[in-house]
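Engineer: Kindly generate the corresponding structure for this input.
(one chain, ligands or ions: 1)
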Amino acid sequence: MPTALITGITGQDGSYLTELLISKGYTVHGIVRRSSITARGRLDQLFHQEDVYNKRLFLHYADLSDVTTIRRILLKSTPDELYHLAGQSHVGASFEIPETTCEFTAMGTLRLLEILRDLDKQPKFLHISSSEIFGRPDQSPQNETTPMRPVTPYGIAKAFATQMVTLYRESFGLFACNAICYNHESPRRGESFVTRKITRAAAAISMGLQKTLLLGSLDGRRDWGYAPEYVEAMWRMLQQPAADDFVVATGTAHSVKDFLAASFDAVGLNWEEFVTQDPRYMRPSEGTHLVGDPSRASESLQWTAETQLPRLAEIMVQSDLDALAASRQRAET
Ligand SMILES: C[C@H]1O[C@H](OP(=O)(O)OP(=O)(O)OC[C@H]2O[C@@H](n3cnc4c(=O)[nH]c(N)nc43)[C@H](O)[C@@H]2O)[C@@H](O)[C@@H](O)C1=O
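Structural biologist: Numbers count the residues shown, from 1 in each chain. Okay, the predicted model is just below:
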């Protein structure tokens, strides 16, 4: 059975992708950044399956700047497929830490490509790119040929990495793909991203645990899909006869206000009574009109995003309600 290596395995996408690959019979190696807190909660279900952890799922410590260790992990695990999901993924934070963002997101990707270039057995490579590379595009929806016009440090770092992946495919013959992913959410989304911040607040307010929700700009429109479906598209990309780039998106844009309405509707509340705008969450510059055209993915991968608003918000709110109820019960016993 095939072997995969995943950078960013402990993240939202990494955990869903690991579950998908394990269910398909893969052996999965994951690279984990060493830090004082080991945030592996998203992989919990797999750790508790006796025939999986340390039998078909192996974790290795390495930082994306640690070339010698990454090379050693690649040489020892000899993966057939390498999914590169790691990086500093918060667009707002990239204004505070542009250098760190470029270090991990841009240079981290280049370093991996350079290691692959020297390997005798080169795995198929998938880089998770982002709609942020388009920034303020001239055309809407965007597809794989839309020119990149990033307007955030994160988007600029992703544009660099995306272009490098294309270069290594075209000039060095690597089987290397960019999954140009639009926003994709789930109950495992980090709480600092707007969707999860909203669904958690809607759940907490409805349970009397929170009074208000502070947000930044409500004008943004995003193409929000469901993360477990997006990792399926990533896997399908590496099963193609030739490497290519694919937009992974629903094709429909919604506003932050739409997401608020769907989430607060799910608990029978009106969001306008609880939301206050706070300049601390405003960004110096924002991408606009970001909505993807997933036609190529639909035609070549037979992939379509199924879950959209309001269902997406309902799934996330229900999960937050369940988690808050469970933690309240633990506190009471
Ligand atoms: C495709 C792309 O998708 C994600 O990046 P993002 O689109 O920036 O996602 P977000 O959830 O941080 O913001 C969405 C919108 O919501 C607005 N917004 C308002 N108030 C708050 C607020 O309080 N927090 C946040 N985070 N956003 C807020 C914010 O200004 C923006 O207009 C990442 O996965 C990224 O890695 C990626 O690649």
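
Engineer: okay, CA-based contacts and neighbour counts for the rest of this
Structural biologist: Will do.

Engineer: Would you pull up the residue in the stretch 1-150 of the chain closest to the ligand?
Structural biologist: residue 89 (3.8 Å; Cα to the nearest ligand atom).

Engineer: Assign the nearest residue to that residue once chain neighbours are set aside to helix, strand or coil.
Structural biologist: By the measure of Cα to Cα, 6 or more residues apart in numbering, the closest residue to residue 89 outside its immediate chain neighbours is residue 154, 7.3 Å from it. Three-state call for residue 154 (DSSP: H, G, I helix; E, B strand; the rest coil): helix.

Engineer: hmm, back to that, am I right that the residue of the stretch 1-150 of the chain closest to the ligand sits in a strand?
Structural biologist: No - in this structure, residue 89 is coil, not part of a strand, as judged by three-state DSSP.

Engineer: Next, count neighbours for it.
Structural biologist: Number of residues near residue 89 (other Cα atoms under 10 Å) recorded here: 17.

Engineer: what do you get for residue 302?
Structural biologist: Residues near residue 302, counting by other Cα under 10 Å: 11.

Engineer: Okay, the closest residue to residue 310 other than its chain neighbours and residue 4: tell me how far apart.
Structural biologist: Distance criterion Cα to Cα, 6+ apart; nearest residue to residue 310, sequence neighbours excluded, is residue 262 at 5.3 Å. As judged by Cα to Cα, to the nearest Å, residue 262 and residue 4 stand 37 Å apart.

Engineer: hmm, back to that, Provide the backbone phi and psi angles at the residue of the stretch 1-150 of the chain closest to the ligand.
Structural biologist: phi -100, psi 0 (degrees, to the nearest 10).

Engineer: per-residue pLDDT, it?
Structural biologist: You'll see residue 89 listed with a pLDDT of 93.

Engineer: how close does the spatially closest residue to residue 282 that is not a sequence neighbour sit to residue 279?
Structural biologist: Computed as Cα to Cα, 6+ apart, the closest residue to residue 282 that is not its neighbour in sequence is residue 216, at 4.6 Å. Separation of residue 216 from residue 279 (Cα to Cα): 6 Å.

Engineer: same deal with residue 205?
Structural biologist: 22 Å.

Engineer: And those two? Which one has more around it.
Structural biologist: More crowded of residue 205 and residue 279, by other Cα under 10 Å: residue 205, with 18 against 11.

Engineer: Which residues of the protein lie near the ligand?
Structural biologist: Residues of the chain lying close to the ligand by Cα under 6 Å from any ligand atom are 89-91, 130-132, 181-183, 192-195, 215-218, 220, 281.

Engineer: Try it again at 5 Å.
Structural biologist: 89, 91, 130, 131, 182, 183, 193, 194, 215, 216, 217, 220 (Cα under 5 Å from any ligand atom).

Engineer: ok, of these, which come out buried?
Structural biologist: The neighbour-count criterion (16 or more other Cα atoms under 10 Å) marks 89, 91, 130, 131, 182, 183, 194, 215, 216, 220 among the residues of the chain next to the ligand as buried.

Engineer: Between these, which sits nearest residue 116?
Structural biologist: residue 130 (22.0 Å; Cα to Cα).

Engineer: can you tell me which residues contact that closest one?
Structural biologist: Taking Cα atoms under 8 Å, 6 or more residues apart in numbering, we find residue 130 in contact with 155, 158, 179, 180, 181, 182.

Engineer: Secondary structure class of residue 257, three-state.
Structural biologist: Classification of residue 257 using three-state DSSP returns helix.

Engineer: Surely it is in contact with residue 215?
Structural biologist: No - the pair residue 257 / residue 215 is not scored as a contact, 10.9 Å apart, by Cα atoms under 8 Å.

Engineer: hang on, the earlier thing: for whichever strand or helix holds the residue nearest to residue 310, C-alpha coordinates in PDB please.
Structural biologist: Assigned by DSSP states H and E, residue 262 falls within helix 256-265. Once non-C-alpha atoms are left out, helix 256-265 reads as follows in PDB (Å, rounded to 0.1, in the frame of the first residue of the first chain):
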ATOM      1  CA  VAL A 256     -19.400  37.600   6.700                       C
ATOM      2  CA  LYS A 257     -22.900  38.900   7.500                       C
ATOM      3  CA  ASP A 258     -24.400  35.800   5.600                       C
ATOM      4  CA  PHE A 259     -22.200  33.600   7.800                       C
ATOM      5  CA  LEU A 260     -23.300  35.400  10.900                       C
ATOM      6  CA  ALA A 261     -27.000  35.100   9.900                       C
ATOM      7  CA  ALA A 262     -26.700  31.300   9.200                       C
ATOM      8  CA  SER A 263     -24.900  30.700  12.500                       C
ATOM      9  CA  PHE A 264     -27.200  32.700  14.800                       C
ATOM     10  CA  ASP A 265     -30.300  31.400  13.000                       C
END
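
Engineer: Now it: buried residues?
Structural biologist: For helix 256-265, by 16+ other Cα under 10 Å, it's 256, 257, 259, 260, 261, 262, 263, 264, 265.

Engineer: Can you tell me which of the residues you listed lies closest to the ligand?
Structural biologist: residue 256 (6.0 Å).

Engineer: Do you know the pLDDT at that closest one?
Structural biologist: Per-residue pLDDT puts residue 256 at 97.

Engineer: can you tell me how far it sits from residue 215?
Structural biologist: Taking Cα to Cα, one finds residue 256 at 10 Å from residue 215.
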